[in-house]
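# next input, structure requested:
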Amino acid sequence: MQHIRTRLFTGTIAFMVLMGLIQAGIDLHSWSEKHKRPLESRLGVLPPPGYTAQYQSTAHEIIELEVEFGLVSHERGELATAILDRTIEDFADLNVPEQPTMHELISLLKRVGLYIGKRYIYGGNTFADGLADGEIDCDLRSYLYLAIAENLGVQGVGVMYSPGHAFIGWRSADKHQFPIAWETTTDTGEIANFASSQYRKVSSYDHEYQIQQREGVLAMYRAIIADHLFDKGEKAQAKDILLALKEEDELPYYQAVLSQFEDGIGYAKNYLSHTNSQYARYLIANDLYNRGEKEEALKQYQEVFAETTYDKTVTDRLGELHSKAWVGWYIKNIYGPTARGLDRLFGNKDESKVIAEFAQIMPVLFMLWMIFWFAITDALEKRFRPTVIE
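Predicted coordinates for the structure are as follows:
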């Protein structure tokens, strides 16, 4: 019996080491992909001190907001502005009608997608940092698309929001033209597949799936800035921004961010009453956990886990609270890290279903590994066992 326990223990440790090596390989891949997109690919010459914008766009105003609220330095803002100007300049010679046909617009969107894919990887923080570092995610990519369309004079292009995601939308003034929703996170961009859960419309609010242009995009980005300020500990300023936005508009995202404050659990519950938002459940679960109501917190974390399979806090808390200790250990130590590694490898929310399905077969892989481990250790033991001469 002790012999079997030893093999189980060493096999489990070996499996975790193997997963760690795979994780290191994924991280190395991400690092190499980033370094294939140096700053020189986005900006030929560094801007002089005091650089001012050569073009105007909603994206330029987003950079100005980040500088205004102290999320990035003036120097970083100037660098990002120069990169944004260079991007717009690279498309300035295109001849696109103000009211393009669907095929003309798709041709432009594909061209922009290829341009972004060659210069950026998926990721990022603020818009200015993303431009400078070569890492931009769904909403930041959408702002580049929008800036190019605005400066080409293309009408009807804007940003669309769904819970946790952003993409490009277009609706022509010609009612005979079919509207377009464009996913920005692939290397080339593509027509959005609304069967994917990332586009789910979870609430009764009319704002979801509306095409937001300058005013709506800037309002949403102010809420995102408030989220950044909250993370930096500047909670009073963050709350002031959100309450001012909420007075003008009841957009669900404002309530979601307000839910993070100590007195904000009511916002989270109100948000959840209008939606099926996993983000609201996550905030409520954290509140229950912090108040010591572990059983109720577990129920909420399990609801979140059903859709958000690789959030670290969720997998860690499930590891701690799960009624079956071995299931909790597996979720925390094997399933979660593997799924997060795959998410970084794919770098695209479209792959979330693949990630979830792959992570779910991990128990089978673990069992196969243990069969292999027992076989190989048994063979080695027989090979090197000393021969006893009677």
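# count of residues packed around Leu146?
Using other Cβ atoms under 10 Å, Leu146 has 24 neighbouring residues. C-beta here means a position set from N, CA and C on the backbone, and glycine is covered the same way.
# which ones are touching it?
Contacts for Leu146 (Cβ atoms under 8 Å, 6 or more residues apart in numbering) come out as Ser57, Thr58, Ala59, Val157, Gly158, Val159, Ile168, Gln213, Val217.
# what does Met19 give?
Listed by Cβ under 8 Å, 6+ apart, the contact partners of Met19 are Ile334, Pro337, Thr338.
# name the element it belongs to?
Using DSSP states H and E, Met19 sits in helix 2-35.
# cool, and Phe372?
Per DSSP H and E: helix 362-384 holds Phe372.
# just the CA coordinates of that helix, formatted as CSV?
In CSV, the C-alpha atoms belonging to helix 362-384 read as follows (Å, rounded to 0.1, in the frame of the first residue of the first chain):
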residue,chain,number,x,y,z
MET,A,362,-7.7,17.5,-17.8
PRO,A,363,-9.0,14.7,-15.4
VAL,A,364,-8.7,12.3,-18.3
LEU,A,365,-5.2,13.5,-19.2
PHE,A,366,-4.3,13.2,-15.5
MET,A,367,-5.5,9.6,-15.4
LEU,A,368,-3.7,8.7,-18.6
TRP,A,369,-0.6,10.3,-17.2
MET,A,370,-0.9,8.2,-14.0
ILE,A,371,-1.3,5.0,-16.0
PHE,A,372,1.8,5.9,-18.0
TRP,A,373,3.6,6.9,-14.8
PHE,A,374,2.8,3.5,-13.1
ALA,A,375,3.9,1.6,-16.2
ILE,A,376,7.2,3.5,-16.7
THR,A,377,8.1,3.4,-13.0
ASP,A,378,7.2,-0.3,-12.8
ALA,A,379,9.4,-1.0,-15.9
LEU,A,380,12.3,1.0,-14.4
GLU,A,381,12.0,-0.8,-11.1
LYS,A,382,12.1,-4.2,-12.7
ARG,A,383,15.1,-3.1,-14.9
PHE,A,384,17.2,-1.8,-12.0
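# adjust the sequence numbering to begin at 22 for everything that follows.
Taking 22 as the first residue, the last one we looked at is helix 383-405.
# what's that helix in contact with?
Counting by Cβ under 8 Å, 6+ apart, Arg28, Leu29, Thr31, Gly32, Thr33, Ala35, Phe36, Leu39, Tyr351, Ile355, Tyr356, Thr359 sit against helix 383-405.
# can you put the contacts of Leu167 in TSV and add pLDDT, distance to Leu342 and neighbour count?
Shown next, in TSV, are these (pLDDT from 0 to 100; distance: Cβ to Cβ, whole Å; neighbours: other Cβ atoms under 10 Å):
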residue	pLDDT	distance to Leu342	neighbour count
Ser78	97	47	22
Thr79	97	43	21
Ala80	97	43	28
Val178	94	46	24
Gly179	93	42	21
Val180	92	38	25
Ile189	93	40	28
Gln234	89	44	18
Val238	92	39	23
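# identify the farthest-apart pair in those.
Based on Cβ to Cβ, the longest span within the contacts of Leu167 runs between Ser78 and Ile189 and measures 14.2 Å.
# where does the stretch 122-271 of the chain dip in pLDDT?
184-185, 197-198, 215-230, 271 (pLDDT under 70).
# and the strands in it, which stretches?
Under the criterion DSSP state E, counting those that start in this stretch, the stretch 122-271 of the chain contains strands at 178-183, 186-191, 201-204, 211-212.
# please identify which of those is closest to Leu92.
Taking the strands of the stretch 122-271 of the chain one by one with Cβ to Cβ, strand 186-191 is closest: 18.1 Å.
# so the closest one versus strand 178-183, what angle?
Per axes from the mean of the first three to the mean of the last three Cα atoms, to 10 degrees, the angle that strand 186-191 makes with strand 178-183 is 140 degrees.
# got the buried residues for strand 186-191?
Applying a neighbour-count criterion of 16 or more other Cβ atoms under 10 Å, one finds His186, Ala187, Phe188, Ile189, Gly190, Trp191 buried in strand 186-191.
# go through those residues and say which is closest to Leu126.
In terms of Cβ to Cβ, no member of these lies closer to Leu126 than Trp191, at 5.6 Å.
# please name the nearest non-neighbouring residue to Ser62.
Take Ser62 and drop its neighbours on the chain: the residue closest to it by Cβ to Cβ, 6 or more residues apart in numbering is Arg140, 4.9 Å away.
# neighbour-wise, which of the contacts of helix 383-405 leads?
The residue in the contacts of helix 383-405 with the most neighbours, by other Cβ under 10 Å, is Tyr356 (24 neighbours).
# isn't that residue right up against Leu339?
No. Between Tyr356 and Leu339 there is no contact under Cβ atoms under 8 Å: 9.2 Å.
# so what's the spatially most central residue of the chain up against?
Centroid-nearest residue in the chain, with Cα atoms, centre = their mean: Asp158, separated by 6.3 Å. Asp158 is in contact with Tyr143, Gly144, Gly145, Gly151, Thr206, counting by Cβ under 8 Å, 6+ apart.
# Leu339 now?
Per Cβ under 8 Å, 6+ apart, neighbours of Leu339: Leu319, Tyr322, Gln323, Phe326, Gly349, Ile352, Lys353.
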